[in-house]
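> Next input, structure requested:
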Amino acid sequence: MTKERILKYLFNELSENEARDFEKWVFESKENMQTFSDYKNGWSLAMAELEEDERSHLKNNYREVIRRIKCNQARGARRISGYLRYAAAILLFAGVTALFVYQLTKTSQSEKFAMELTRIEPGTKKAMLLLENGRYIPLDSTSDGIITTDHNRQVAELEKGQIVYHRSSGHTDKRVEEIKFNSLIIPRGGEYKLILPDGTNVWLNSETELKFPVDFSSKSREVFLVRGEAYFEVARDENKPFLVTVNDSLKVKVLGTHFNISAYEDETQTKTTLLEGSVEVALASGHKSRLKPGEQYRVANNGMRELLSVNVYEVIAWKNGNFFFDNEDLESIMKKLSRWYNIPVKFKDEKLKQIQFFGIIKRYEKINSILDMLKLTKMVEFRIDGGVIEVWPAKV
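Purely as a prediction, here's the structure:
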């Protein structure tokens, strides 16, 4: 992959297909990720120092951009003036797979703060299954067994971190009327996988609730995302469309495809992202929009809507065991960390919420490793008070 192609990607000059091929290349190997990291970091610093007209003039002079990038790489990451400057000076790879791009310098912390952080664990596979009869069944990564109905019909099986529902055979229209619903509730600090009776795979993120039938009717397949985030790989059935109703505000209709829906209560937008196939998003107002792979449909709480192209690897990073922040603001980052590590977050300066970061971080790392990495920008520091992580401006 040439330097010029990397820069074309960073300047958003590649076509949709070229950008998708480039993103696949980045994730093919550790070496590719490190190469992209080096250029992304230097590019972010170089662009942050320029005015808009200067950036436009520089776009076609790749030799000069490369010179500036190498200059920034040589002198290392430094503080970028102003809260609204990008703090995107680090691409972070961490975790069990040892995808470190940098040899990180350990920052000094008080012994008390360090000890408190070590007690904060990343999320695990856990959920609560709510049956039709009101019974709750706690689930975790070791749960095994069979779930039956009150008529002793086996409907589901627990298999170490996932729950598999079985398709019934030969049911009549009368049985269809008797279909019962279960709900899978994922707490903060949890995740779980569900296989529906038609074979559809669903990954559920922290603080998510999905309501679904223990068996689908003969005419449709409909589930209800009450809140949270879920990634669907829908089993194709030409005669029976798959429907996801989200908060009674929108409905996603598909036959067979891969897509992600994020509908958290503390977010200002509901986002539907398509990875493969085709989906139709219909709003309660009657407005409909059909998505192509790589597109995301956003609906704000005030009714505003937009359709845009996105990096799908960033959107589903959570499902693959990562955090992926692509110039994402700190407020959004801390919300994700708060859900996954199940700890409240408080900003001591509202301006800090607007700082942006670029990074890829393993979700199963201890939180102190992630906070240490964020602190390397010299823009923020963190404290713990009464079980709450506080975000403070870094001391000059």
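> next SSE after the lengthiest strand in the chain?
Longest strand in the chain, counting residues (DSSP state E): strand 221-233. Counting by DSSP states H and E, the element after strand 221-233 in chain order, helix or strand, is strand 242-246.
> Note down every partner strand of that following strand and its orientation.
strand 221-233 (parallel), strand 250-254 (antiparallel) (DSSP bridges).
> Give me the helix or strand of this structure that scores worst on average pLDDT.
helix 173-177 (a mean of 48; mean pLDDT, DSSP states H and E).
> could the strands paired with strand 242-246 be laid out in JSON lines, adding mean neighbour count?
Glycine gets a C-beta too; all of them are placed from N, C-alpha and C. Formatted as JSON lines, the strands paired with strand 242-246 follow (neighbours: other CB atoms under 10 Å):
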{"stretch": "strand 221-233", "mean neighbour count": "21"}
{"stretch": "strand 250-254", "mean neighbour count": "21"}
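> Let's have those in a markdown table, adding mean pLDDT and distance to L10.
Output for the strands paired with strand 242-246, formatted as a markdown table (pLDDT from 0 to 100; distance: least, CB to CB, whole Å):
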| stretch | mean pLDDT | distance to L10 |
| --- | --- | --- |
| strand 221-233 | 96 | 27 |
| strand 250-254 | 94 | 32 |
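> The ones you listed: which one's closest to I195?
strand 221-233 (9.8 Å; CB to CB).
> okay, the closest one in PDB with CA atoms only?
C-alpha atoms of strand 221-233 as PDB (Å, rounded to 0.1, in the frame of the first residue of the first chain):
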ATOM      1  CA  ARG A 221     -40.100 -12.600  12.000                       C
ATOM      2  CA  GLU A 222     -40.200  -9.600  14.300                       C
ATOM      3  CA  VAL A 223     -38.100  -8.700  17.400                       C
ATOM      4  CA  PHE A 224     -38.000  -5.600  19.500                       C
ATOM      5  CA  LEU A 225     -34.900  -3.700  20.500                       C
ATOM      6  CA  VAL A 226     -36.100  -1.900  23.600                       C
ATOM      7  CA  ARG A 227     -32.800  -0.100  24.200                       C
ATOM      8  CA  GLY A 228     -29.100  -0.500  23.600                       C
ATOM      9  CA  GLU A 229     -27.100  -1.900  20.800                       C
ATOM     10  CA  ALA A 230     -27.300  -5.100  18.800                       C
ATOM     11  CA  TYR A 231     -25.600  -6.600  15.800                       C
ATOM     12  CA  PHE A 232     -27.700  -8.900  13.600                       C
ATOM     13  CA  GLU A 233     -26.700 -11.600  11.100                       C
END
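> Please parse this structure into its domains.
Using automatic domain parsing, the domain parsing of the chain gives 3-75, 124-315.
> Could you export those as a markdown table, including distance to F382?
Formatted as a markdown table, those follow (distance: least, CB to CB, whole Å):
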| stretch | distance to F382 |
| --- | --- |
| domain 3-75 | 22 |
| domain 124-315 | 18 |
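> Of those domains, give the one that comes closest to D372.
Closest among those, using CB to CB: domain 3-75, at 17.1 Å.
> Average pLDDT for that closest one, rounded please.
Across domain 3-75, the average pLDDT comes to 65.
> got it, and stretch 323-336?
91.
> got the buried residues for it?
For stretch 323-336, the neighbour count (16 or more other CB atoms under 10 Å) marks F323, F324, F325, D326, E328, L330, I333, M334, K335, K336 as buried.
> For beta bridges, what are the partners of the fourth one?
Counting by DSSP bridges, D326 is bridged to F358.
> Would you agree P197 is in contact with R167?
Yes: with contact defined as CB atoms under 8 Å, P197 and R167 form a contacting pair (4.4 Å).
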